[in-house]
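Visitor: Kindly generate the corresponding structure for this input.
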Amino acid sequence: MNEYDSEKMADVLYESQGYELTDDPESADLLLVNTCSIREKAQEKVFSQLGRWRKIKEKNPNIKIGVGGCVASQEGEGITKRAPFVDIVFGPQTLHRLPELIDTADREAKAVIDISFPKVEKFNNFPKARDVQASAFVSIMEGCSKICSFCVVPATRGHEVSRLPEQIIDEINDLAMKGVREINLLGQNVNAYLAKNKNNIRVRLADLLKLVSAIEGIERIRYTTSHPLQFTDDLIEAYKDRKMANYLHLPVQSGSDRILKLMRRKYKVERYLDRIKKLRLIRPDISISSDFIVGFPGETREDFEATLSLVDQVGFDQSFSFIYSQRPNTKAAEMFDDVDHETKLKRLQQLQIKINKNAKKISDAMVGTIQTVLIEKKSKKNENQLTGRTENNRWVNFDGPDSLIGEFVDVIITEAMPNSLRGRLASKSISAVSI
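Guide: Now for the predicted structure:
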């Protein structure tokens, strides 16, 4: 979501005031940091970055510094109190107002703060995308209404608000015409998407996926992030469409029903396993990734063992796993955190070893298979190679001409590395290139 928002900031600033991106902070007229407050570590990185930029501003007082995103929404005036050299503070819902905020900061020579929640106003004010790649994010809804006890999102992004389906389809049509081949639909709780179209007919995520699938040029569809409670049967049925990537990110957070209740997740492990079982009847080899919080207040060894057991049952491919991080204005922050830091770290390591072992097993099984890969760019480590992603979200590096960037090709997987795959173009792909 933040990556999408950052791209839109660049588009808005170019369209309105001609700003161009630069990799050199010291040559910039405007420095923006787009922030995340899901975990404390990410939040503290913001102020570390601002400390580095302060030195730049001391050399050139004309540079404007802005802080956007969830930390801005959460802290508001606290940003400028802690970092008085910041000129602009704006929330996730007001990034489209950046040109106006910059002008106001110039005119009034003081910090300008706008962390209001004008629902989907920002989507009505975004210019069309300029620079596109083979794969693109498209935000379809904002916020979350689940109020999990550990999560700050409802406070920083607001409650669930869905974009109009026609607006979403228009954006994706424009991207497809510009060469985008894969779409990743975004939302804090993306499968809660619900809006009425111009004919006053309710459109859910499963309905929207059908509309996206019908767009010429779009050949692969992903979405994130899902909530197990709303991973409904119609969404499972959507995987009969082969344009749906053979990959699902479905955060579970814990394998213990007791901890899930404390987290206010509103489902039990049985529900989660039922969803996976039904999905695998349609896609037997689908890769499942998830989110885990280790060391939640009150988590016992038995609770953690239940999480390890769930990992074995599901066979998770990848995960975003973190030790519990207390966030302000959440119910969990009021709980007694009785799991010491060392125990949290040990459990996190144990969990990651188990998940990494399973991920390696899946990668090893891919060696010798032919995978359809969307080529996104040149490889970072070898400019003579290309890199792209398989359906199950693994990066593959292989030799090939630059003309393949932006295309789907068949690649024979030759080697499984810890964080990527290596391969070679299949013969039919080579023939297609030589024609």
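
Visitor: Which parts of the stretch 101-250 of the chain are strands?
Guide: 112-114, 135-139, 141-142, 161-162, 182-186, 194-196, 202-204, 220-224, 247-249 (DSSP state E, counting those that start in this stretch).

Visitor: With the stretch 301-435 of the chain instead?
Guide: 318-323, 370-378, 385-389, 395-399, 408-416, 421-425.

Visitor: mind giving me a markdown table with the strands of the stretch 101-250 of the chain and columns for distance to Gly68 and mean pLDDT?
Guide: Every C-beta, even on glycine, is put in place using the N, C-alpha and C of the backbone. Shown next, in a markdown table, are the strands of the stretch 101-250 of the chain (distance: least, C-beta to C-beta, whole Å; pLDDT from 0 to 100):
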| stretch | distance to Gly68 | mean pLDDT |
| --- | --- | --- |
| strand 112-114 | 10 | 96 |
| strand 135-139 | 15 | 96 |
| strand 141-142 | 14 | 92 |
| strand 161-162 | 18 | 94 |
| strand 182-186 | 17 | 98 |
| strand 194-196 | 25 | 97 |
| strand 202-204 | 30 | 98 |
| strand 220-224 | 21 | 97 |
| strand 247-249 | 25 | 97 |
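
Visitor: can you list those in JSON lines and add mean neighbour count and distance to Ala238?
Guide: Formatted as JSON lines, the strands of the stretch 101-250 of the chain follow (neighbours: other C-beta atoms under 10 Å; distance: least, C-beta to C-beta, whole Å):
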{"stretch": "strand 112-114", "mean neighbour count": "20", "distance to Ala238": "38"}
{"stretch": "strand 135-139", "mean neighbour count": "20", "distance to Ala238": "17"}
{"stretch": "strand 141-142", "mean neighbour count": "25", "distance to Ala238": "17"}
{"stretch": "strand 161-162", "mean neighbour count": "20", "distance to Ala238": "17"}
{"stretch": "strand 182-186", "mean neighbour count": "22", "distance to Ala238": "12"}
{"stretch": "strand 194-196", "mean neighbour count": "16", "distance to Ala238": "15"}
{"stretch": "strand 202-204", "mean neighbour count": "16", "distance to Ala238": "10"}
{"stretch": "strand 220-224", "mean neighbour count": "21", "distance to Ala238": "9"}
{"stretch": "strand 247-249", "mean neighbour count": "22", "distance to Ala238": "11"}
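
Visitor: May I see these arranged in JSON lines, with distance to Asp24 as well?
Guide: Conversion of those to JSON lines gives the following (distance: least, C-beta to C-beta, whole Å):
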{"stretch": "strand 112-114", "distance to Asp24": "25"}
{"stretch": "strand 135-139", "distance to Asp24": "26"}
{"stretch": "strand 141-142", "distance to Asp24": "32"}
{"stretch": "strand 161-162", "distance to Asp24": "37"}
{"stretch": "strand 182-186", "distance to Asp24": "30"}
{"stretch": "strand 194-196", "distance to Asp24": "42"}
{"stretch": "strand 202-204", "distance to Asp24": "44"}
{"stretch": "strand 220-224", "distance to Asp24": "32"}
{"stretch": "strand 247-249", "distance to Asp24": "35"}
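
Visitor: Ok, which of the ones you listed comes nearest Val153?
Guide: strand 141-142 (9.9 Å; C-beta to C-beta).
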